[in-house]
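Enquirer: Below are the sequence and a predicted model for it; my questions follow.
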Amino acid sequence: MPSVPVLANSGAMNEFIGAFEVTSKLTGHVYDCRFSHIWNAIATRHSDTIDAKFNVDTVGRVVGLAYPAFVEFRLKYGRDLSDREASFIAAEFLRDRLEEEDERPLYDVPQEEVRRLIEWIGIK
């Protein structure tokens with residue numbers, strides 16, 4: 001079986017994604033975004049999600065990625081998404097929302113949107 005490139009889980013978790021900025025299309029506000037960590041929310045908040053925490057302008061924001069999309073990915077590609085890959089998916093979703101100035105403490109990302117982001121990023 002050929003090897004598939006994977007964004008490996010190397011280094012400290014809070015370094016999976018470097019700090020990034022997002023500019024609101026509505027007001028031009030520039031958000032300062034910093035990834036913190038990722039965890040399984042099935043146990044912690046009884047949600048069928050993998051949660052990624054970001055600090056946006058120093059305020060904690062959580063992006064909950066629908067876990068069924070992770071199962072679907074495993075069935076399709078024969079491997080699990082790495083935590084780093086999940087972090088990239090969450091960051092892209094957060095970027096999209098902040099560009100629209102949609103600020104909230106918790107974003108629940110449906111399975112279809114997780115699937116779309118996996119394809120858009122090009123994770124296989």
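Expert: Received the coordinates, thanks.
Enquirer: low pLDDT regions in this protein?
Expert: Scanning the chain for pLDDT under 70 picks out 1-11.
Enquirer: what about the longest helix in it?
Expert: Counting by DSSP state H, the longest helix found in the chain is helix 83-99.
Enquirer: measure Glu72 to Val109 for me?
Expert: Glu72 is 14 Å from Val109, where distance means Cβ to Cβ, to the nearest Å. Where C-beta positions appear, they are placed from N, C-alpha and C, glycine not excepted.
Enquirer: Apart from its chain neighbours, what residue comes closest to the residue nearest the centre of the chain?
Expert: The residue lying closest to the centre of the chain (Cα atoms, centre = their mean) is Ala90, at 1.3 Å. With sequence-adjacent residues excluded and distances taken as Cβ to Cβ, 6 or more residues apart in numbering, Ala90 is closest to Ala52, at 3.5 Å.
Enquirer: for Ile42, same thing?
Expert: Asp48 (6.1 Å).
Enquirer: for the longest helix of the chain, which positions count as buried?
Expert: Neighbour counts using 16 or more other Cβ atoms under 10 Å place 83-94, 97-98 of helix 83-99 among the buried residues.
Enquirer: Likewise for stretch 68-75?
Expert: Buried residues in stretch 68-75, defined by neighbour count with 16+ other Cβ under 10 Å: Ala69, Phe70, Phe73.
Enquirer: circling back: tally of neighbours for the residue nearest to Ile42?
Expert: Residues lying near Asp48 (other Cβ atoms under 10 Å) number 12.
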